[in-house]
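Engineer: pasting the sequence and the predicted coordinates here, then a few questions.
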Amino acid sequence: MKTKIRIIGIDPGSRVTGYGILDTDGFRHSYVASGFIPIKGDALPERLGIIFQEVAAVISEWQPESMAIEQVFMSRNADSALKLGQARGAAICAGVQANLSVDEYAARVIKKAVVGSGAADKQQVQHMMQKLLGLEEKLQSDEADALAIAMCHANHTHVKSVGVVRGSRRGRWI
């Protein structure tokens, strides 16, 4: 029987940060917990402190072995991208402080892993996470995204552990 590992996925945001926790043996993923942290306050340093403290509290409560987080994407608004990057940094610091390995995934990679299309919208991710994990209640979008990040990491970690090699031959992935 395979050993299960616990993964926390983080969907960072300077106003709302989602988290999702899965147990996986590499083949089967089971839902543990999910939620979102509303970030109060006007000053960015205060909000970053809340992200750090709350993510650290979730990690302490659920004891994951690994963390996955969404990479920053460049939007049209550079200020928003910088704030997102700082929110990611606060969450990553909470994971590193808890001695977790931290892996990052691009939004398109996450969506492709759980929906099958890197261009999927938020509703499609919510729907697929609910179906894949057999959940009755509708997920809030930030927690669905965080669960998708955790599932993407579980799938990628499994592929690495079994030694699947991908390469390209004449521009096509094999």
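Structural biologist: Sure, I can see it.

Engineer: switch to C-alpha atoms for all contacts and neighbour counts from now on
Structural biologist: Will do.

Engineer: all strands for this protein, in order.
Structural biologist: Remark: strands assigned in the chain by DSSP state E are 5-11, 16-24, 29-38, 66-70, 101-105, 168-169, 172-173.

Engineer: which one of these lies nearest to H153?
Structural biologist: In terms of Cα to Cα, the element of the strands of the chain nearest to H153 is strand 66-70, at 6.2 Å.

Engineer: helices or strands next to that closest one in the packing?
Structural biologist: Counting contacts by 3 or more Cα pairs under 8 Å, 6 or more residues apart in numbering; DSSP states H and E, strand 66-70 packs against strand 5-11, helix 78-97, strand 101-105, helix 141-161.

Engineer: for P45, see how far away the closest residue in space to R15 that isn't next to it in sequence is.
Structural biologist: Excluding its sequence neighbours, the residue lying closest to R15 (Cα to Cα, 6 or more residues apart in numbering) is I39, at 4.8 Å. Distance, I39 to P45, using Cα to Cα, to the nearest Å: 11 Å.

Engineer: so between the two, which is more surrounded?
Structural biologist: Neighbour comparison, I39 and P45: the larger count goes to I39, with 19 against 13 (by other Cα atoms under 10 Å).

Engineer: so the more buried one makes contact with S14?
Structural biologist: Yes. I39 is within contact range of S14, at 6.7 Å (criterion: Cα atoms under 8 Å).

Engineer: overlap of the contact sets of the two?
Structural biologist: Common contact partners of I39 and S14 (Cα atoms under 8 Å, 6 or more residues apart in numbering): R47.

Engineer: most tightly surrounded among the strands of the chain?
Structural biologist: Highest mean neighbour count of the strands of the chain: strand 5-11, a mean of 27 (counted as mean count of other Cα atoms under 10 Å).

Engineer: ok, K138 - contacts?
Structural biologist: K138 neighbours (Cα under 8 Å, 6+ apart): Q126, H127, Q130.

Engineer: recalculate using a threshold of 10 Å.
Structural biologist: Q126, H127, M129, Q130, K131, A144 (Cα atoms under 10 Å, 6 or more residues apart in numbering).

Engineer: of those, buried ones?
Structural biologist: Neighbour-count burial (16 or more other Cα atoms under 10 Å) is assigned, among the contacts of K138, to Q126, H127, M129, Q130, A144.
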